[in-house]
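K.L.:
after the sequence you'll find the predicted model.
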Amino acid sequence: MTGTVLLYDPTAPRLERDVPAQQVLAGLAGKVVGFIDNAKPNFNHLVDDIAELLMSKHGVSRVLKRQKRSASVPAPDEVIKEFAEQCDLVITGSGD
């Protein structure tokens with residue numbers, strides 16, 4: 001049996017643009033890092049370990065963690081606002 005397989009590349013195209021210098025972090029010391037947990041199993045354990053390493057080895061001053069209701073929905077507007085106001089860096093993640 002011969003057939004055709006159609007493959008889709010799920011990656012977004014890269015934007016070719018210069019990032020202003022003020023948006024590039026020179027380091028993590030004293031910074032606030034936010035994590036948005038997509039509610040998949042085990043991501044919370046990974047975040048706890050990464051947060052500990054960021055604080056103990058890289059001088060991150062504070063870590064904020066928020067969990068979405070599910071992987072298929074965006075983070076609530078209030079979480080986006082909170083992180084935009086308080087975080088220097090935000091990491092979204094996936095577990096399993």
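P.N.:
Cool, the structure landed. Numbering: from 1, shown residues only.

K.L.:
lowest confidence element among the helices and strands of this structure?
P.N.:
One helix or strand of the chain scores below all others by mean pLDDT, DSSP states H and E: strand 89-93, with a mean of 87.

K.L.:
secondary structure element holding D49?
P.N.:
helix 43-58 (DSSP states H and E).

K.L.:
tell me what that helix is packed against?
P.N.:
Helix 43-58 makes packing contacts with strand 32-37, strand 62-67, strand 89-93 when contacts are defined by 3 or more Cβ pairs under 8 Å, 6 or more residues apart in numbering; DSSP states H and E. To be clear about C-beta, it is placed using only N, CA and C from the backbone, and glycine gets the same treatment.

K.L.:
with respect to L46, which of these lies nearest?
P.N.:
Nearest to L46, of all the helices and strands packed on helix 43-58, is strand 89-93, at 6.8 Å by Cβ to Cβ.
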